[in-house]
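# fold the following and give me the result.
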Amino acid sequence: MRWIKFTAEGRTAYGILEGDRIAEVAGDPFAGYETTSRRHDLAAVKIEVPLIPRTFYAAGLNYVEHVIEGAKKRGETPNIPTKADIGYRAVNALIAHGENVVIPADAGEKIHYEGEIVAVIGKKAKNLSEAEALSCVMGWTIGNDVSERTWQKNDRTFWRGKNTDTFKPMGPWIDTDFDMEAATTNVRLNGEIRTSFATGHMLFSTAHFISVMTRYLTLWPGDVIWLGTDGVSPDLKHGDVVDVEITGLGNLRNTFVREGL
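Model prediction:
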């Protein structure tokens, strides 16, 4: 099942995507819903961010090649993580499929994409074993963890480098039946594949992250966990279009525009 949040005829609602048609519901996938008779063509609606999370978690350095390539660029020896650490992102940065990533006028040239699989939590979870961990996942969506690397390096926190407005595209929908182990993540820049990797080939699995996290904190319905990226991004410029495609899940497309141009 694919859950989509959309705006049509001046009203924002959830629906179930069936091919190129949306069956609108009353309610939402977290608190419950009822079917309605309203139907919409996908091409005729505005796709919204699939949810605004209660807490926005993000795993860093969760794919080996990303660690190695990043170290090479900095002239450092790769330091492969030995434990699953989690961080946070800001909801103000979220935008939907089709919306523009706005690069601030004073940002540097090293604006990078990071195509990621995102786990969407569907029920309260605490102290889950790895075997139990995926039971709290309602579904999956796609994220693009846009980064301004100069700010990321020089600021004491990631407040600008990761969390500037529009730096977190997410969508286009939530898929409840996605098979990560069969998936490939392809990131296209202006139609050309520049990064490709096996989506499930992580250092630490989703189940491991959830198990570790729920020892110390409670996950709630509507939380999201972004699970990292592999490979490296070229420097993005004004007018570039980035597609993050995860096979079997969907495609998240956004155009990058520099403020003032």
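
# please parse this structure into its domains.
Using automatic domain parsing, the domain parsing of the chain gives 1-47, 49-258.

# buried deepest among these, which one?
The highest average neighbour count among these, using mean count of other CB atoms under 10 Å, belongs to domain 49-258 at a mean of 18. Heads up, the C-betas are built off the backbone N, CA and C, glycines and all.

# what's the first-to-last distance across that domain?
Taking CA to CA, to the nearest Å, domain 49-258 runs 22 Å from one end to the other.

# stretch 240-258 too?
10 Å.

# likewise for stretch 112-127?
End residues of stretch 112-127 are separated by 35 Å (CA to CA).

# go on, stretch 20-33?
21 Å.

# average pLDDT across that stretch?
Throughout stretch 20-33, pLDDT has a mean value of 97.

# which residues touch it?
Contact with stretch 20-33 is made by 3-4, 6, 13-16, 34-36, 38-43, 45, 51, 122, 138-139, 174, 221-222, as judged by CB atoms under 8 Å, 6 or more residues apart in numbering.

# give me the distance from it to the chain's centre.
Computed by CA atoms, centre = their mean, to the nearest Å, the chain-centroid distance of stretch 20-33 equals 21 Å.

# quick one: the strands in the stretch 51-200 of the chain?
56-59, 86-88, 94-95, 101-103, 111-112, 115-121, 137-144, 147-148, 168-175, 184-189, 192-198 (DSSP state E, counting those that start in this stretch).

# note down every partner strand of the first one and its orientation.
Taking DSSP bridges as the criterion, strand 56-59 pairs within the sheet with strand 86-88 (antiparallel), strand 224-226 (parallel).

# same thing with the fourth one?
Sheet partners assigned to strand 101-103 using DSSP bridges are listed as strand 250-258 (parallel).

# mind listing what the nearest residue to Val146 once chain neighbours are set aside touches?
Computed as CB to CB, 6 or more residues apart in numbering, the closest residue to Val146 that is not its neighbour in sequence is Phe167, at 4.1 Å. By CB under 8 Å, 6+ apart, the residues touching Phe167 are 93, 101, 145-148.

# before we move on, back to that, output the strands of the stretch 51-200 of the chain as JSON lines; include the columns distance to Ile68 and mean pLDDT.
What follows is the strands of the stretch 51-200 of the chain, written out as JSON lines (distance: least, CB to CB, whole Å; pLDDT from 0 to 100):
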{"stretch": "strand 56-59", "distance to Ile68": "17", "mean pLDDT": "98"}
{"stretch": "strand 86-88", "distance to Ile68": "20", "mean pLDDT": "97"}
{"stretch": "strand 94-95", "distance to Ile68": "30", "mean pLDDT": "99"}
{"stretch": "strand 101-103", "distance to Ile68": "26", "mean pLDDT": "98"}
{"stretch": "strand 111-112", "distance to Ile68": "16", "mean pLDDT": "98"}
{"stretch": "strand 115-121", "distance to Ile68": "17", "mean pLDDT": "98"}
{"stretch": "strand 137-144", "distance to Ile68": "21", "mean pLDDT": "98"}
{"stretch": "strand 147-148", "distance to Ile68": "17", "mean pLDDT": "98"}
{"stretch": "strand 168-175", "distance to Ile68": "25", "mean pLDDT": "98"}
{"stretch": "strand 184-189", "distance to Ile68": "17", "mean pLDDT": "98"}
{"stretch": "strand 192-198", "distance to Ile68": "12", "mean pLDDT": "97"}
